[in-house]
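1. structure of the sequence below:
(4 chains)
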Protein chains: 2
Amino acid sequence: MGKKVSITDIAKKAGVSIASVSYVMNGIEKEKRVSEEVANKIRETAALLNYQPNHIAKSLKQGSTKTIGLVVADISNSFFGDMAKAIEEEASKHAYTVIFGNSNEDFSKSRNLVNTLMSRQVDGLIVTPVQGGESKIQKLSNKMPLVFVDRYIENESINYVILDNYAASYDAVEQLYNKGFRKTAIVGYDSDMMHIQERFRGYREAMKRFNPDVETLVGTVSYQSIEEDIANTLDAMLQQEQAVDSIVFATNTLTIAGLQHLRKRRIKIQEDLSVIGFDGNVAFDFFSFPFTYVKQPVYEMGKKAVEILINKMNGKNDFEQVKFKHEMVDSIPVK
Amino acid sequence: MGKKVSITDIAKKAGVSIASVSYVMNGIEKEKRVSEEVANKIRETAALLNYQPNHIAKSLKQGSTKTIGLVVADISNSFFGDMAKAIEEEASKHAYTVIFGNSNEDFSKSRNLVNTLMSRQVDGLIVTPVQGGESKIQKLSNKMPLVFVDRYIENESINYVILDNYAASYDAVEQLYNKGFRKTAIVGYDSDMMHIQERFRGYREAMKRFNPDVETLVGTVSYQSIEEDIANTLDAMLQQEQAVDSIVFATNTLTIAGLQHLRKRRIKIQEDLSVIGFDGNVAFDFFSFPFTYVKQPVYEMGKKAVEILINKMNGKNDFEQVKFKHEMVDSIPVK
DNA sequence: ATTTTTTGCTTAAACGTTTAAGTATTAGTT
DNA sequence: AACTAATACTTAAACGTTTAAGCAAAAAAT
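-> Next up, the predicted model:
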């Protein structure tokens, strides 16, 4: 596959030293006083030999790879897809390249990925932490610029970019209340992670405020057995003495899985039961029922994460913890 | 941020040579006859100092980075999101890491990304080629193991993994025919790229076969102005003397954009007009109308691309050109 | 005419690995 | 006892860069 051309090859062919070539290739001929004549000769030979700089050698020497490592929980989930796009775009603007990995909500996979990325000397990391390894991943922050996205760990010495999850689910309950629904339940993951717990807290507080007489109902499902658990949870909610009249789904995946089960049970959304979901996509506009969902400003969140990381990589010392506000979107059903 | 520990630090601390450390760290103490005693001492000091191997230095020495570069046209599109997931997963199984970039269907962005990835010494590339740079990117194949996905360029010395696009749109027309629709049109991009042209060809051939008396109607829209163009194209199709009774949308994005416009025009899918889309997602199951779409085996395609690339990187000389078959999915509307 | 400064270039070390080749030391053969 | 072979380890070069330091020649200053 065609031997690679190095700076040495150019130097030999042009009859100059490798230092001169390096200076010219980095566009610092002026400061390093390489004559225009020699500079041109070098540029010509470089073009002639079709020289491509070796970024690996450069990285080794400079101790910086201009690379950001990204670990998401599921790249096929459009929330993370959009975020990855935003992150790559913003990083690319600052001449950074993004290496990514998919943890699949699995801690050991996540840890391996982080190690792999670190051994590849990424200059910084953007990570969606997963259940089980909070304390481990936290220590990372001392070794390497790090920004958490989507989820976070309670610690003031950590950067994160998240949604104001409390406000989002509080708002969801309020919206349902305004539409006349009182017996609202929430369904989330069986997880200690803050983003889930905050969504539960928002729900509870809003219930206390708007429906103080109604018992709160928090259904939890395990990421490992979503379909099974959601079926049981929903069935229980619907079959209890005072069946719920509205449900808030706390994540993307749960929203779809929940709707799927409700359809199976022939429950008519909005008529029999009102639902609010988390993270919509353009296809939601064609649902047969009116549907409301919490929309996160994913793009801005991704950009912000890169911004914070770049600051940190440039030596900024303090930590940034940014909460974005959601938007509540009502899709109007196709009649 | 805590000085990095190198093999030299371990060697010094353990009072041995760097070679011994290297051998032990690579688990080849046996062949290189390092005594168990020394090996243990090295392992201990490595653990003590919390040594993390520097993959960059390793890559420089070995001339291989164990990294695959991935350039997709849009990572936020779930088709490419799923593909990226599959690629990362498969690569990771073979101890490869994936670096990715997003070309946004823009050739100059795509070229820049490919150059960046190459200067980062990726061992191979998986690329979704975009309009405008076919001949340029083709030459790449001589310099570096390369696999095209989703689209391809006609050239027998190139690897690719694509859908049998011809068969997919042929099948779409046939399905519509079987349901009694005769005046079928297709809407695709104004692009010379093979994947689009093949979809058009499948449509034309199927029309010739099933509806030889009906004039074919191929609407094209530009990626730069989808909304505007699709509005004009669809309006024209519906207002013409003999209005079409069914439309095949040739891509993911066009399907959604098309449906959006049809809704705006208050056209009832399936009643007024039958539609077949390309690439579904789980949300399609909740559409208010029966909806049929071409489903690509994305996951298998992604895995196959990695497989071919790894073979190529391992020195395999011949080229693989793989066409996958679609599946036609009927989503049953929510009543 | 001598010294100083500037210009234009080169030398060589370093980044952290891998690995072929070399060198003692010990063990085994004859 | 003298040689060979095996064992256990080290040395040093190399990968392709960057960059501080060095050096000679030309230009400027005295």
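2. neighbours around the residue of the stretch 151-300 of chain A found nearest DNA strand D, how many?
-> Nearest residue of the stretch 151-300 of chain A to DNA strand D: residue A:159, at 27.3 Å (C-beta to the nearest atom of the strand). Any C-beta I mention is one placed from the backbone N, CA and C, and that applies to glycine too. Per other C-beta atoms under 10 Å in any protein chain shown, the neighbour tally for residue A:159 reads 25.
3. check whether it really touches residue A:320, as I assumed.
-> Yes: Residue A:159 lies in contact with residue A:320 (C-beta atoms under 8 Å); the separation is 5.2 Å.
4. name the residues contacting each of the two.
-> Here residue A:159 and residue A:320 share the contacting residues residue A:308, scored by C-beta atoms under 8 Å, 6 or more residues apart in numbering or on different chains.
5. how about the helices in chain A?
-> A:7-14, A:18-25, A:36-49, A:55-62, A:78-93, A:107-119, A:134-143, A:165-178, A:194-210, A:226-239, A:252-264, A:298-313 (DSSP state H).
6. between these, which gets the lowest average pLDDT?
-> Lowest mean pLDDT of the helices of chain A: helix A:134-143, a mean of 82.
7. convert the C-alpha atoms of it to CSV, please.
-> What follows is helix A:134-143 as a C-alpha-only set of coordinates in CSV (Å, rounded to 0.1, in the frame of the first residue of the first chain):
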residue,chain,number,x,y,z
GLU,A,134,-20.0,6.5,39.5
SER,A,135,-17.2,6.6,42.0
LYS,A,136,-14.7,5.1,39.5
ILE,A,137,-15.3,7.5,36.7
GLN,A,138,-15.3,10.4,39.1
LYS,A,139,-11.7,9.9,39.8
LEU,A,140,-11.0,10.3,36.1
SER,A,141,-11.6,14.0,36.5
ASN,A,142,-8.3,14.4,38.3
LYS,A,143,-6.4,12.8,35.5
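8. if we can go back for a sec, list the contacts for the closest residue to the residue of the stretch 151-300 of chain A closest to DNA strand D other than its chain neighbours?
-> Nearest in space to residue A:159, with sequence neighbours left out and distances taken as C-beta to C-beta, 6 or more residues apart in numbering or on different chains, is residue A:147 at 4.4 Å. By C-beta under 8 Å, 6+ apart, the residues touching residue A:147 are A:124-127, A:159-161, A:305, A:308-309, A:312.
9. same thing but at 7 Å, please
-> Residue A:147 sits next to A:126, A:159-161, A:305, A:308-309 when contact means C-beta atoms under 7 Å, 6 or more residues apart in numbering or on different chains.
10. surely the residue of the stretch 151-300 of chain A closest to DNA strand D touches residue A:310?
-> No: counting by C-beta atoms under 7 Å, no contact exists between residue A:159 and residue A:310, whose distance comes to 11.2 Å.
11. buried residues in stretch A:189-204?
-> Buried residues in stretch A:189-204, counted by 16 or more other C-beta atoms under 10 Å in any protein chain shown: A:189, A:191, A:193-196, A:198-200, A:202-204.
12. could you do stretch A:60-76 as well?
-> Of the residues in stretch A:60-76, those buried (16+ other C-beta under 10 Å) are A:60, A:65-76.
13. what about chain B: which of the residues you listed touch it?
-> A:60, A:65, A:75-76 (C-beta under 7 Å from any C-beta of the partner chain).
14. would you confirm that residue A:94 contacts residue A:313?
-> No: between residue A:94 and residue A:313 there is no contact under C-beta under 7 Å: 9.6 Å.
15. ok so, going back, okay, the residue of the stretch 151-300 of chain A closest to DNA strand D and residue A:304: tell me how far apart.
-> From residue A:159 across to residue A:304, the span is 10 Å (C-beta to C-beta, to the nearest Å).
16. also residue A:182?
-> Counting by C-beta to C-beta - residue A:182 and residue A:304 are separated by 37 Å.
17. residue A:137 reaches residue A:128, doesn't it?
-> No: with contact defined as C-beta under 7 Å, residue A:137 does not reach residue A:128; the gap is 10.3 Å.
18. beta partners for residue A:248?
-> Residue A:248 forms beta bridges with residue A:186, residue A:276, as assigned by DSSP bridges.
19. model confidence for it, exactly?
-> 97.
20. so what's the residue count around it?
-> Neighbours around residue A:248, by other C-beta under 10 Å: 31.
21. ok so, going back, can you redo the buried residues of stretch A:60-76 as CSV with distance to residue A:86?
-> Formatted as CSV, these follow (distance: C-beta to C-beta, whole Å):
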residue, distance to residue A:86
A:60, 30
A:65, 21
A:66, 19
A:67, 17
A:68, 12
A:69, 16
A:70, 11
A:71, 16
A:72, 12
A:73, 16
A:74, 16
A:75, 13
A:76, 17
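22. just the residues you listed: which are in strands?
-> If you go by DSSP state E, these have A:67-72 in strands.
23. now check stretch A:7-23, is it near DNA strand C?
-> Yes: looking at stretch A:7-23 against DNA strand C by C-beta under 7 Å from any atom of the strand, the contacts come from A:15-20.
24. are any of those buried, and if so which?
-> Among these, the ones that count as buried (16+ other C-beta under 10 Å) are A:16, A:20.
25. max pairwise distance over the residues of stretch A:7-23 next to DNA strand C: which two?
-> A:15 and A:19 (13.6 Å; C-beta to C-beta).
26. spit out the contact partners of the residue lying closest to residue A:116 once chain neighbours are set aside.
-> Spatial nearest neighbour of residue A:116, excluding adjacent residues (C-beta to C-beta, 6+ apart): residue B:97 at 6.0 Å. Neighbour list for residue B:97: A:99, A:116, A:120, B:66-67, B:91 [criterion: C-beta under 7 Å, 6+ apart].
27. now do residue A:331
-> Residue A:331 neighbours (C-beta under 7 Å, 6+ apart): A:284-285, A:287, A:290-291.
28. would you mind listing what in chain A touches DNA strand D?
-> A:4, A:6-8, A:18-19, A:22-23, A:25-26, A:51, A:53-54, A:57-58, A:60-62.
29. which ChimeraX command selects the buried ones in those residues?
-> Typed into ChimeraX, the line below selects the buried ones among those, using 16+ other C-beta under 10 Å:
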select /A:6,7,22,23,25,51,53,54,57,58,60
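30. residue A:106: neighbour count?
-> Around residue A:106 there are 18 residues (other C-beta under 10 Å).
31. what does it show for phi and psi?
-> phi -110, psi 120 (degrees, to the nearest 10).
32. how about the nearest residue to it, chain neighbours excluded?
-> residue A:130 (6.7 Å).
33. next: residue A:322.
-> Residue A:322 sits nearest to residue A:161 (C-beta to C-beta, 6+ apart), 4.9 Å away.
34. could you measure from the one residue in the stretch 201-335 of chain A that gets nearest to DNA strand C over to DNA strand D?
-> DNA strand C sits closest to residue A:313 of the stretch 201-335 of chain A, with a gap of 17.6 Å, by C-beta to the nearest atom of the strand. For residue A:313, the distance to DNA strand D (C-beta to the nearest atom of the strand, to the nearest Å) stands at 16 Å.
35. check the contact between that residue and residue A:126; I expect there is one.
-> No: Residue A:313 is not in contact with residue A:126 according to C-beta under 7 Å; the separation is 11.4 Å.
36. quick one, which of these two is more surrounded?
-> residue A:126 (28 against 19).
37. and that one, what does it touch?
-> Residue A:126 neighbours (C-beta under 7 Å, 6+ apart): A:68, A:70, A:87, A:147, A:149, A:305, A:309.
38. of the residues you listed, closest to DNA strand C?
-> Closest to DNA strand C, out of all of the contacts of residue A:126 and judged by C-beta to the nearest atom of the strand, is residue A:68, at 19.9 Å.
39. that closest one against residue A:95, yeah?
-> No: using C-beta under 7 Å as the test, residue A:68 is too far from residue A:95 to be in contact (10.9 Å).
40. this completes my enquiry, with thanks.
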